[in-house]
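In: Kindly return the folded structure for what I paste below:
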Amino acid sequence: MKNHLLWKLLLTNIIPVIGVIFLVVWVAVDKLAANYFMALMEKYDVSPDDIHQMFLTSIHHYLVWASLAALGVAFILSFLLTRRVLRPLLQMTAITKEMAAGNFSLRTEITTKDEVGELGVAFNRMADSLEKIEQLRKTMVADVAHELRTPLTNLRGYIEALNDNIIPPTPDTFKMLQQENLRLVHLVDNLQQLARADAARAYLKREKLDLTALVNQIVELHQPHFQKKSIRIERRFASPELYVKADRDKLLQALQNLTENCWNYTPQAGHVIISVDHNSKEVTVNFHNSGPGISKADLPYIFERFFRADRSRSRDAGGAGIGLAITREIIEAHGGHVGAESRNGETHIWFVLPT
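Out: Prediction:
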């Protein structure tokens with residue numbers, strides 16, 4: 001017999017219970033019933049020896065058969081009920097093997113609301129998360145390959161054409177080659193920033209910083225970009241000075257990413273509002289910008305790596321989809337969190353830091 005949990009439960013529950021009942025009844029018959037029988041025999045002056053033995057033999061006989069019948073019924077009922085209880089666990093085992101093989105589409109069937117049912121619900125949630133992570137991983141690999149393939153293919157084609165004297169080595173040709181090379185450098189820089197953001201959890205050079213001053217610094221740096229698109233930018237600070245303990249360079253990187261996101265996706269003559277609020281425990285920085293917004297289906301994934309809500313947008317205009325992922329890593333490394341919502345032609349992205 002295999003060492004299954006089903007058999008363990010059956011043996012540990014049925015045999016001890018039936019055995020204890022059998023022994024109790026046996027002892028009761030031998031002691032109590034026999035005493036009562038002897039008293040009756042003495043009262044009516046009947047020889048107790050033979051009749052007493054016949055009585056005990058008969059009682060023991062029926063007791064044994066009754067115990068065997070009870071054991072059989074208890075075994076069948078316990079087997080059926082225990083198998084029903086363990087069915088989700090067996091399903092989870094089978095699904096786990098499928099997940100190990102790369103199939104994340106299976107889910108366990110929830111039939112109860114007890115502890116096993118709660119385990120099944122948690123298991124299905126884990127499977128949903130793993131499936132989403134796997135899909136994002138595949139998308140990220142495909143996006144990275146696409147990002148690298150396009151400029152590399154252009155560079156290869158033009159270099160081969162220059163080498164074969166098909167096109168002349170004009171300044172315009174070299175300028176185009178330089179732009180493709182800069183695209184590659186920019187992508188590699190973004191990947192390095194993402195790696196540094198991942199490592200930020202292990203090392204942060206915290207110091208007391210005025211968050212309003214940092215926001216003003218970043219806005220002034222990008223003021224020419226906003227003016228070029230005639231974007232009206234408004235700053236709203238709950239207090240002239242709001243201090244947090246954070247890594248200056250990494251926090252500036254997060255603010256820069258969100259500010260660049262605003263002027264990249266705000267249409268011509270649009271508006272941007274950057275506000276800083278606070279309470280006794282945390283500071284919130286909000287970035288509001290007008291524009292087409294983000295769909296409800298895409299909104300939960302905008303902080304994932306290489307994800308872009310508008311996939312038709314060129315990478316030159318929309319970036320590589322790493323900026324918000326870097327921002328999330330930096331903010332979470334500081335013990336904060338990020339969030340986003342989009343409705344009524346306006347996108348709202350924020351992050352919260354503890355004070």
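
In: where exactly do the strands run in the chain?
Out: For the chain, the strands defined by DSSP state E cover 206-210, 232-237, 243-247, 271-278, 282-290, 337-343, 346-354.

In: What separation do you get for the nearest residue in space to L211 that is not next to it in sequence and I294?
Out: Distances taken as C-beta to C-beta, 6 or more residues apart in numbering put L242 closest to L211, at 4.7 Å, once the chain neighbours are dropped. Yep, even glycine has a C-beta here, placed from its N, CA and C like the rest. Applying C-beta to C-beta, to the nearest Å, the value for L242 to I294 is 28 Å.

In: do Y158 as well
Out: Counting by C-beta to C-beta, the gap from Y158 to I294 is 36 Å.

In: more crowded one of these two?
Out: I294 (20 against 17; other C-beta atoms under 10 Å).

In: wait, doesn't P292 sit right on N344?
Out: No - using C-beta atoms under 8 Å, P292 makes no contact with N344, being 11.5 Å away.

In: Mind checking which of these two has more residues around it?
Out: P292 (13 against 6).

In: Now for the nearest residue to the more buried one once chain neighbours are set aside: which residues touch it?
Out: The shortest distance from P292 to any non-neighbouring residue, by C-beta to C-beta, 6+ apart, is to G345 (7.3 Å). Each residue near G345 by C-beta atoms under 8 Å, 6 or more residues apart in numbering is listed here: 290-293.

In: Can you say which of those are buried?
Out: 290-291, 293 (16 or more other C-beta atoms under 10 Å).

In: any idea which of those is closest to V73?
Out: Nearest to V73 among the buried ones among the contacts of G345 is G293, at 65.4 Å by C-beta to C-beta.

In: Give me the nearest residue to the closest one, chain neighbours excluded.
Out: Using C-beta to C-beta, 6+ apart, the closest residue to G293 is S342 (4.2 Å).

In: so what's the one you found up against?
Out: 293-296, 299, 348.

In: State the pair within those residues that is farthest apart.
Out: Going by C-beta to C-beta, the pair spanning those furthest: S295 and H348, at 14.6 Å.

In: Just want to know which of the two has more residues nearby.
Out: Per other C-beta under 10 Å, whichever of S295 and H348 has more neighbours is H348, with 16 against 10.

In: For beta bridges, what are the partners of that one?
Out: Under the criterion DSSP bridges, H348 forms beta bridges with H288, E341.

In: quick one: it and V338 touch, right?
Out: No - in this structure, H348 is not within contact of V338 by C-beta under 8 Å, at 11.6 Å.

In: before we move on, back to that, where does the residue nearest to P292 land on pLDDT?
Out: On the pLDDT scale, G345 is placed at 80.

In: what's the answer for H61, then?
Out: H61 is assigned 70 on the pLDDT scale.

In: same check, this time on A28
Out: A28 carries a pLDDT value of 63.

In: now swap in H222 and tell me
Out: Reading off the model, H222 has pLDDT 88.

In: what about it, neighbour count?
Out: Residues near H222, counting by other C-beta under 10 Å, number 17.

In: Give me the distance between the residue nearest to it when sequence neighbours are not counted and S230.
Out: Spatial nearest neighbour of H222, chain neighbours left out: T259 (5.3 Å); criterion: C-beta to C-beta, 6+ apart. The gap separating T259 from S230 is 17 Å, by C-beta to C-beta.
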